[in-house]
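Trainee: Below are the sequence and a predicted model for it; my questions follow.
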Amino acid sequence: MSNDVVPVIDLSALRGGSPEDLERLVAQIDEACREIGFFQITGHGVDPDLVRRMYDVSRSFFDQPEAVKSAVAQPNPQTIRGYCAVGQQSFAYSDGIDTPSDLHEKYDVGPVDVPTGDAYYSPERAGAHFLPNQWPSTPAGMEETWTEYFRAMNDLCREIMSLFALALELPADYFAPVVDKDISMLRAINYPHRDEPPLPGQMRAGAHTDYGSVTIVRQEEAPGGLQVFTQDGDWMPVPVFPGAFVVNIGDLMAQWTNDRWISTRHRVAPPPPDSGDSRRMSLVFFHQPNYDAVIECIPTVLEEGEQPRYAAVTSGDHLMSKFEKTTASVGLGSTVAHA
């Protein structure tokens, strides 16, 4: 593990390492989740060409005229499928403070391999979690590339959840039955270059925590980047490490572990003045367990005499409660979405 605030962890032990290597890997993950809730991963096995193609097609989408992008606009904050323009969302919701809208645009999709004819996935039982995605007509190949990337991220998340289980002194397949029909989401966030300065307090993405079990982010080297709020009360940058993904746990995983692991606030800061071309794009995968998965305190995290801090809740209800809270706390003219 590196000495950075957000450590870099090599996952190669998952693919042929010794038992001792795997044990060290699991200990590094547990330490990172206890101390900051963030780490970066290398040795993850994701094809670099897929990442490149995902960036290329997503940039091509955002480079289109606003009228073209708006043809797949999201119908409302709870239906996270499609496009949101710059100024239509704010991620800084935790304290219910009305802040200027964030300086980014985004595009979202939900699960891509939804079986047809199975009542489990129907709106009557699943609500909005498996609604169809909105795919733009251009650029060519966007649906195919995003679908491939979604699957790669989902596979990686399931590996990480297996490592989480080992770090929590559980069988490696402990989480498998509750992540086989997950309600995860994939997002590309484009931070356009701007010549005018931001408003006071305005961020590219305001300070927030994520909602679910684990988030995987691919970030670019560009001015104005990801920052985490440390337990010492400082905002610290998360450097771009070549080929790595940033991983962080969300509120649901913190609740699952009775706050043994922490869900840390983070934000994307505006670029410094006169920093040149500051366009930046991030690819973000939000992993969320099956909507009917019951999230209750994992017994192995309780110390002697300690009690669970949270009542049991399903993954789907937990997610919707977050949507309702954030929608209620947003100022006029903005919407909030899972970030």
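Mentor: Everything's here; your move. Numbering: from 1, shown residues only.
Trainee: Find the nearest non-adjacent residue to residue 183, please.
Mentor: The shortest distance from residue 183 to any non-neighbouring residue, by Cβ to Cβ, 6 or more residues apart in numbering, is to residue 129 (4.1 Å). For the C-beta atoms, the positions are set from N, CA and C on the backbone; glycine is no exception.
Trainee: before we move on, which element is the one you found in?
Mentor: Using DSSP states H and E, residue 129 falls within no helix or strand.
Trainee: What about it, how many residues nearby?
Mentor: 24 (other Cβ atoms under 10 Å).
Trainee: go on, residue 194?
Mentor: Residues near residue 194, counting by other Cβ under 10 Å: 15.
Trainee: That one: helix or strand, and which one exactly?
Mentor: Per DSSP H and E, there is no helix or strand for residue 194.
Trainee: ok, back up a step: just to check, the residue nearest to residue 183 is in contact with residue 291?
Mentor: Yes. Shown here, residue 129 and residue 291 form a contact pair, counting by Cβ atoms under 8 Å, at 5.1 Å.
Trainee: Show me which helix or strand of this protein is least confident by mean pLDDT.
Mentor: When the helices and strands of the chain are scored by mean pLDDT, DSSP states H and E, helix 315-328 comes last with a mean of 73.
Trainee: rewinding a little: between residue 129 and residue 291, what contacts are shared?
Mentor: 183, 316, 319 (Cβ atoms under 8 Å, 6 or more residues apart in numbering).
Trainee: how close does the last one sit to residue 119?
Mentor: Using Cβ to Cβ, to the nearest Å, one obtains 20 Å as the distance from residue 319 to residue 119.
Trainee: As a check, name the ranges of all strands in this protein.
Mentor: All strands of the chain, identified by DSSP state E, fall at 8-10, 38-42, 82-84, 105-109, 185-191, 205-208, 214-218, 226-229, 235-237, 245-249, 266-268, 280-287, 294-295, 313-314.
Trainee: Could you name the helices and strands sitting against the fourth one?
Mentor: Put plainly, it is strand 105-109. Contacts defined by 3 or more Cβ pairs under 8 Å, 6 or more residues apart in numbering; DSSP states H and E place strand 105-109 against helix 48-62, strand 82-84, strand 185-191.
Trainee: Just name the most buried of these.
Mentor: The highest average neighbour count among those, using mean count of other Cβ atoms under 10 Å, belongs to strand 185-191 at a mean of 24.
Trainee: what residue ranges in the stretch 201-339 of the chain score low on pLDDT?
Mentor: Applying pLDDT under 70 to the stretch 201-339 of the chain flags residues 323-339.
Trainee: again, only this time at 50
Mentor: The model of the stretch 201-339 of the chain has pLDDT under 50 over residues 327-339.
Trainee: In this structure, which helix is the longest?
Mentor: Ranked by residue count under DSSP state H, the longest helix found in the chain is helix 142-167.
Trainee: For it, the averaged confidence score.
Mentor: For helix 142-167, mean pLDDT is 98.
Trainee: Would you mind getting the angle between it and strand 185-191?
Mentor: 110 degrees (axes from the mean of the first three to the mean of the last three Cα atoms, to 10 degrees).
Trainee: helices or strands next to helix 142-167 in the packing?
Mentor: helix 19-35, helix 48-62, strand 185-191, strand 214-218, strand 280-287.
Trainee: I'd say residue 301 and residue 165 touch.
Mentor: No. Because the distance of 12.0 Å does not satisfy Cβ under 8 Å, residue 301 is recorded as not touching residue 165.
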